[in-house]
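Novice: Prediction below, plus the sequence it came from.
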Amino acid sequence: MATIYVDGEQYQVNGSHNLLQACLEMGLEIPYFCWHPAMGSVGACRQCAVKQYKDEDDDKGMLVMSCMSPAKDGTRISIADDEAEEFRQSVIEWMMISHPHDCPVCEEGGHCHLQDMTVMTGHDRRRYRFNKRTHRNQDLGPFIGHEMNRCITCYRCVRFYRDYAGGDDLGAFGANDNIYFGRYQDGTLESEFSGNLTEVCPTGVFTDRTHSERYTRKWDMQFGPSVCHQCSVGCNISAGERYGDVRRIENRYHGEVNRYFLCDRGRFGYGYVNRDDRPLRPEGSDGGGTRRELDVDEALDRAGELLRHANGIVGIGSPRASLESNHQLKQLVGDDNFSTGLVGNEQACVERMRSLNESGGLPTPSLRDIERHDAVLVLGEDPIQSAARLGLSIRQAVLGRREELAEERGIPLWNAEAIKTLAQDKRYPLFTAYPQATGLDGIAEQHWNLAPADIARLGFAVAHEIDPNAPAVTELDVSTRESAKLIAEKLLAADRPLLVSGGSLGSVAIIEACGNIARALAKCGKQDAGLSLIRREANSTGVEMLGGQPLEWALDRVIAGEADTLVIVENDLYQRLATETLDAVFAKAPKLIVLDHQRTATLERADLALSSASFAEADGTLVSMEGRGQRFFQVYEPRHMRPETRLHESWRWLHALAAERDSEPVSDITLDAVVRDCAERNATLEGIVDAAPDADFRISGQKLARSPHRYSGRTAMRAHLDVSEPAPTRDPDSALAFSMEGYSGFDRPRPVVPFAWAPGFNSPEAWNKFMDEIGGHLRAGDPGVRLFELANETSNYSAAIPDAFVRGDDWQLTVLPRLFGGEETSSRAAPIIERSAPAHIAVARADAERLGLGNGHWLSLTGQFQALTLPATIDDHLPEGMVSVPAGVDPALINGARVSLSRIQLDEEVSS
Amino acid sequence: MNATIDRLRYRSQLRQPASERHEDSHPLTWRLREDNESIDLAEYQRKNGYVGTQRALTEHSASEVIDIVKEANVRGRGGAGFPAGVKWSLTLQGEDIPRGYLVCNADEMEPGTFKDRMLLEQQPHLLIEGMIIGAYANNSRFGYIFLRDEYRAAAVSITRALNEAREAGWLGKNIAGSGFDFDIALHTGAGRYICGEETALLNSLEGHRANPRDKPPFPGQSGAWGKPTVVNNVETLCNVPGVLQHGADWYQQLSGGRSDDGGTKLYGVSGQVERTGLWELPIGTTGEELMALAGGMQSGHELKAWLPGGGSTGLLLPEHLELPLDFDSIGKAGSRLGTGLLTVISRQQSIVALLRNLEQFFARESCGWCTPCREGLPWTVKVLQALERGEGEPEDIELLQQLGKGLGPGQTFCAHAPGASMPLTSALKYFRDEFEAGVARPHTAVEEA
C-alpha cells in the first residue's frame, strides 16, 4: 500500500498501480482512452494528465500523464488544477478535430467512451474551422463494421488485436494525422477475438455488424445476465433484446472467467435465437403425416396420452441444455431411463475428465489462474478452436514471462510497451501436440504434429520422465523420448506448470496420459500446478455430473424393444450419430416427444414437438469445464411482443408433462424449486443453489432492473398489438424485473448485473466501477459456484498406453474442432456460417504427393458410413497416414475411424 | 552509379582550408582532404588514426574510458547537449546483464543541418573509432550506424570503411589484441525525421513503427531488442577518439575559455549570408564571429532573426549574436543550441511563412502516436496558412499561443512537438505584429508593407 495525496486529500492505494488506476479505484475521475486494465499503459492519448508536485513545498508542479506515473508512496497530485483541466480539455478538442460528430447515426452512441470522456472534460465548443481529415473504410467481414473517420487514434485496437490476442492482419498504417487502423486490404479479420475490438475501441470505429442489422441503442435494450452456451468455458455474457429479438451479445465481466474479453463464436453466434424457422408453438402430427401447430392444452393432452400409453420410456438429455432441464427430464423418466445424450465415447472422455479433476492430484484453474502459470503443455487440443477464450488465457500465461523480466529490472508491470521491448520474444515455455497446426504454435517453444495415439504416448512418456514410477511406454522411439525429456524438464523447472487437454480428439488415452502427468507432478510436490480439461459443450460437465447412460444405450433400448417412447430434450440426434444408425432406430417407430428451441432434423421427426426456450428466453444453470455452476437468466419475455408464441423452458414443459402423465393438474413451478430439487437429489450438484441469488432477492426492497433508466418507447412499442400497455411481465424465477424499474445502481453491490452502467460511464468501461479493484473481482462476488474440488487422495496411474500409430493401407480419420462451424447452435447463425471455412479433407503433403493429389481435387471418403465427397487440401503438418475433416461436417465421421480415400473426377475443381 | 553518387554529393562544405586546420586544435577536421574525398584507412592511419582506440582498448578499463570521457565533459552534439560520459555510466553492465548495442544516430534530418553528413562522407574511420571506444566502454556486443536514407554517398563511404576496418582487425574478434570483440552494421533508414529521436530510432531499427518509447526505462536499461543500448550522435562519437588520444585536459582547453564546455564544435550557417558552410571552431564561439566567417549578410539583406541550431530551436534576434554558441548560453537566451548550425532569416522573409513552412515539416514528420503532436501540429499549420493568406481570425493569435503551450515539454510523448513549438512561441514573442497582420487581410512581410 502507498499513501498518495490528491488535491490535498490523503488516500491509501495499491503502490504497484499507476496513478490513473489508483485514482479511478478511489472513485476519483480522470478521463482516459489508451489505458486499458488488461493491456496496461502506453501514454499515447495524453488524456489523463494531472499536475504532480515534487513535495509539500512545490506549488508549481508539472503536468504528468497519470497512466504513466507510479502511485509511489508520498506522491502529490492535483486532478482539479486549472492547467491540468485546461490541458485535458485541449486533448479532447484535438481528438475531435476530425471526428465526424455523427453521434445521432453512430452505433456507438449511448455506450461510447468518447462521449463520456468528452462530457467529463467539459469540452463543448468547436474552434477548429478547417477541413477534416477523412478515411476510406474497409469491409472487415461479417462481424465487424469499420468507420475510420470516428477514430481518435488511441491505438487500443492494434494493441488488443496484435499484442494481446496475437493477430497480425490488423495494423496501424500511415503517420502524422493520417494514421489508419485496418487491414492491408479489405477482407475478413482473421482473429478469433475480433469482436473485442467493438468493446476496446472507445468510439464507433469498430462496431458489431450483427447488431447493425437490427440496431437498438443500449439504453433501449433489455438485458439478461447470461452465460455463453457456445462452448464449455462458461464466459459470462450480457445479451440485449428489443422487440423480441436478441440484438447483441456483450462481455459481462467475471473476475475469474472471461474478465474483459470474449471469443467471436460467443459474441456473434447468437443468431439461432432469432431464426424465423424456430418452433414458437407446440407442433404435432395430424394423422396423415403432416404437422400442425397445437395449443398448449392440446399439446399437453397429447403428451399425457403418449406417456401414459408408453411401453417403456427413455429420456434423452443434452449437454447443451441446462441442468434444470436435464434434471426435470430425469425426474420424468426415472433415473434408470435417463440418457445424458452424449455419445458413448464422449461420455467416457467427460467421465475421465471429471474423475481427474477430482482425483488427478492437481487443481483445476480458472481462466484468471491460467494466466498465472509459467509453463504449459497442451495435449491433443487446439484451444483456440475448441475453447477459444481459454486459448487466449494460455497466450497471456506464456507472455507472462514479460512480467517476470520486468520485475527483475524494476519496470512497472503496467508499462506495456516497455515490458514488451524488454522481453522481446522471451516467453514461458509452451508445448503443443496435435495432429495439425494449432492456433498457439506461433508462441510455442516446440510443437509436435502427431496421431492421437502418439500424442497419448508422448504424454505417458512425459509422466514417466517426471516420475519413474509412472508406467513407462514400451517401444518408444528415440525422438519421442527426447521430446518427453524436454517437456518433463521444463515442467519440473517451472513453479506453476499447467496441463491442458480434453476430449476434442475423442481419445480417452490422451486424457489418461495427461492425468498421469498431473499425478506425477503432484507427487513431485508441484502444488501450484494446474490441470485444465476441455469439454465440448456448454453443459457437458453438468449433464455428466447429473449422471445417465450414453446415447447409444438409449437407442439400443428402442431396438431391443424395451422402450417405445423417447423424450428428447434439446438434442439433435442427427448431430451426434450417423443417419444410418438413427434410421435403424426410427424404423422401430418409437413415439418421439422432442423439446427444442431449434427446428432440428430430430424435431422434424417428432410426434409431439414442444417449443422450448433458448438461453435468451430461459433461466437455468450450466456447469463449465472448470466445474463452475453458473446461472443464466432470461433476457426477455417472448409473449410480450409476440403474444402468439408459446415458448417455455424445457424444465417447465417437463414439469407439466409429469403432471399430465399422472393425470394431475399442472401446478406452478419456479426455477428455485427445480434448482433445490436438483441439488437435493444429486450430491455432486448440491452447490448449485448458491450459484445465484433466489428469486426473492431484493435490494432496498426492489427487484433488479433489466433495462437502463432511460429505456424509451415502452408504451409505443406494443401499439400495433394493443393501445393499452400491459403491466410488465412478472418474473417468478429470478430477482430480475422485465423493466427499467428496479435497482440498477452500483453503490450497493448487485450479485447479478444485466448491463454495465455507472454515472458518467455508459460504455463497457463502466464495468470497472463494479470491481473490488480494477481488473479484479466483482464487488458482490464473481457469480457462480465451484462444484468440484480436488480430493486429497490422488488416483493411481493409468497403464492404458496405446500402441504407436502405424500407417496402414487405409487411413486414420481425425475430426478437428473448429470455432466457426464446429458447434451446433452457433452454426445456425448466418454470420457464423459466412465465417466458416468450407469443409475439406486434409491430407498430409507426402501422402498427397504420392497419390498425385492437389488442393481442390475431389476425394471420396468411405468407411462405415455413406461415402462423402469433399475437396482435398494439402496439409504440411498432418502425420502421414492420417486424414482430417473439420467438426460439424457429418456426425458419421468419428475420430479414429479407418477410412478409404479415392479421387473422383468432377467437372469443376475447387480452388482453395 | 558513381555518377549518381557524385551528383548527390555536396562538396566543399568545410570552409576552412587545410592550412588553418591542425591536429591539436581541429580534432574533427584536420585530416580532411582538400578534394573532399573520403579518407581511406591507409591515409587515416598515416594521420595518427586509431591511436585513441589502441589506447582505450589496451591501456584502460571500460570504466576508466567512461571516466575520461566524463572528465572531458563531452556533451552530446545531437542537439540536447547531454554529457556523453554520464550517459555511458548509466548503461547497465554486469554479470547478469546481457551485452547490448552501441547505436550511432546518423539520421541527420534537422532542418538546416548538414554537419554529420560531412563527417560521414569524408571521415568514416573517425566515427568507427568513436564507436569502438564507445562499445568498449559500454560493453556493447554490436554496433549499428542508423543512417539517413538520403545520405547515399555516406553509405558508400561508410561501407568501404567498415570493410577496411574489418580487414585490418579494427572490427571483429579480439580487436587490437585486447580480447574485445565488436562489429558494426550499417542500417539505412526509410526517411522519417522522428527516427532521429533515439528511441524511435530503436523501434525503427527493430523493424517496428518509428514511434518513440517512453522513458524510463532508458535505452541504457532496455534499448534495442530489450538490451542495454547507447545511442550517440555522429559528431559526439567523433569527439571521443581525440579525447582518448590526447586526454581530458587537452579536450577541455580546446574551447579556450570561451565556454564552460570543452572541445570544438562543427558550426555552420545557411540562409542569406555571403558564404554558407561549415567551420570547426572552439565551442563557445560567438554568433558574431561565426557570421563574420560567413561573410555577413548578402547585400540587400538585413538580419531579422536566426535559428541557432535547426528548425526545432527557438528564434533569436540580431542582438543575441553576441552570445557564445554553447548549450548553456543559448539556453539562457530562451532557445537551444541544437545542432549549432545557424539559419539566418532576412528582413525580406515573412516570419509567418517561415513558421508555416517549418510547422508543415514538423506536422508531416509527427509519428502520430500522441494526440497533441498528431492533431495539434496540423491545426497550427492550418492557422498559419490562413494568416499567410490574410484569412486569419482575431482569435488565431491566442489559439496559436495555446497550441504552442499545449505542445510543450512534458505534455507530449517525446520532444518532437516541444521542438516544433519552440520556433512558434519565440516567433509569437518577437514578431507578433507579423501574425496580427495576417488577420483578415492579405499578408505580406511587414518590412514590405
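Specialist: That came through, no problem. Numbers count the residues shown, from 1 in each chain, chains lettered A, B, ... in the order given.
Novice: Run a quick neighbour tally on the residue in the stretch 1-150 of chain A positioned nearest to chain B.
Specialist: Here the residue of the stretch 1-150 of chain A nearest chain B is residue A:94; by C-beta to the nearest C-beta that distance is 3.6 Å. C-betas here are computed from N, CA, C, even on glycine. Neighbour count of residue A:94, defined by other C-beta atoms under 10 Å in any protein chain shown: 30.
Novice: Name the nearest residue to it, ignoring sequence neighbours.
Specialist: residue B:375 (3.6 Å; C-beta to C-beta, 6 or more residues apart in numbering or on different chains).
Novice: now the helices for the stretch 1-150 of chain B?
Specialist: Taking DSSP state H, counting those that start in this stretch, the helices of the stretch 1-150 of chain B run over residues B:2-8, B:41-46, B:51-59, B:62-72, B:84-89, B:115-122, B:124-138.
Novice: mind saving the C-alpha coords of the second one as CSV?
Specialist: Okay, so that is helix B:41-46. Extracted in CSV, the C-alpha atoms of helix B:41-46 (Å, rounded to 0.1, in the frame of the first residue of the first chain):
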residue,chain,number,x,y,z
LEU,B,41,42.2,3.6,-43.9
ALA,B,42,45.7,3.9,-45.1
GLU,B,43,45.6,7.7,-45.1
TYR,B,44,43.6,7.8,-41.9
GLN,B,45,46.2,5.6,-40.1
ARG,B,46,49.0,7.8,-41.6
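Novice: Mind listing what's buried along that helix?
Specialist: B:41, B:44, B:45 (16 or more other C-beta atoms under 10 Å in any protein chain shown).
Novice: what's the pLDDT at the second one?
Specialist: Looking back up the chat, that one is residue B:44. Confidence at residue B:44, expressed as pLDDT, is 97.
Novice: So for stretch B:90-100, mean pLDDT?
Specialist: On average, stretch B:90-100 scores 93.
Novice: roughly how far is the longest strand anywhere in chain A from the heart of the chain?
Specialist: Counting residues, the longest strand found in chain A (DSSP state E) is strand A:865-875. Distance of strand A:865-875 from the chain centroid (C-alpha atoms, centre = their mean, to the nearest Å) equals 30 Å.
Novice: Note down every partner strand of that strand and its orientation.
Specialist: Next to strand A:865-875 in the sheet, as set by DSSP bridges, lie strand A:841-844 (parallel), strand A:858-863 (antiparallel).
Novice: contact partners of stretch A:364-374?
Specialist: Contact partners of stretch A:364-374, identified using C-beta atoms under 8 Å, 6 or more residues apart in numbering or on different chains, comprise A:233, A:255-259, A:357, A:389-390, A:393-394, A:396-397, A:400-401, A:404, A:428, A:494-498, A:529-533, A:626-628, A:788, A:790.
Novice: what's the average pLDDT for that stretch?
Specialist: Stretch A:364-374 comes out at a mean pLDDT of 98.
Novice: Span of it from start to end?
Specialist: End-to-end distance of stretch A:364-374 (C-alpha to C-alpha, to the nearest Å): 15 Å.
Novice: before we move on, the earlier item: hey, least reliable of the helices of the stretch 1-150 of chain B by pLDDT?
Specialist: Among those, helix B:2-8 scores lowest, with a mean of 51.
Novice: so residue B:274 touches residue B:297, yeah?
Specialist: Yes: using C-beta atoms under 8 Å, residue B:274 is in contact with residue B:297, at 7.5 Å.
Novice: neighbour-wise, which of the two wins?
Specialist: Using other C-beta under 10 Å as the criterion, residue B:274 and residue B:297 rank with residue B:297 on top: 19 against 14.
Novice: So for residue B:449, what's the pLDDT?
Specialist: In this model, residue B:449 is scored at 41, pLDDT.
Novice: Show the backbone phi and psi for the residue in the stretch 451-600 of chain A that chain B sits nearest to.
Specialist: Going by C-beta to the nearest C-beta, chain B is nearest to residue A:493 of the stretch 451-600 of chain A, at 18.2 Å. The phi/psi pair for residue A:493 (degrees, to the nearest 10) reads phi -70, psi -20.
Novice: wait, doesn't it sit right on residue A:375?
Specialist: Yes: counting by C-beta under 8 Å, residue A:375 is a contact partner of residue A:493 at 7.3 Å.
Novice: I'd like to know how many residues surround residue A:850.
Specialist: 11.
Novice: re the thing from before, doesn't the residue nearest to residue A:94 belong to a helix?
Specialist: Yes: assessed with DSSP: H, G, I helix; E, B strand; the rest coil, residue B:375 lies in a helix.
Novice: Next up, the contacts around it.
Specialist: So residue B:375 contacts A:94, A:95, A:97, A:98, A:177 (C-beta under 8 Å, 6+ apart).
Novice: Columns pLDDT and secondary structure on top of those residues, output as TSV?
Specialist: TSV is the format used below for those (pLDDT from 0 to 100; DSSP: H, G, I helix; E, B strand; the rest coil):
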residue	pLDDT	secondary structure
A:94	97	helix
A:95	96	helix
A:97	96	coil
A:98	96	coil
A:177	96	coil
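Novice: Would you quantify the distance from the closest residue to residue A:340 other than its chain neighbours to residue A:538?
Specialist: Leaving out its chain neighbours, the residue that sits closest to residue A:340 by C-beta to C-beta, 6+ apart is residue A:548, at 4.1 Å. Distance from residue A:548 to residue A:538, counting by C-beta to C-beta, to the nearest Å: 17 Å.
Novice: residue in the stretch 301-449 of chain B nearest to chain A?
Specialist: Closest point on the stretch 301-449 of chain B to chain A, by C-beta to the nearest C-beta, is residue B:375, at 3.6 Å.
Novice: Please report the distance of residue B:61 from residue A:230.
Specialist: 64 Å.
Novice: Who has more neighbours out of those two?
Specialist: residue A:230 (31 against 11).
Novice: So that one sits against residue A:823, correct?
Specialist: Yes: using C-beta under 8 Å, residue A:230 is in contact with residue A:823, at 5.6 Å.
Novice: Need the residues touching each of the two.
Specialist: Shared contacts of residue A:230 and residue A:823, counting by C-beta under 8 Å, 6+ apart, come down to A:265, A:269.
Novice: Can you report how many residues lie near the residue of the stretch 451-600 of chain A closest to chain B?
Specialist: 11.
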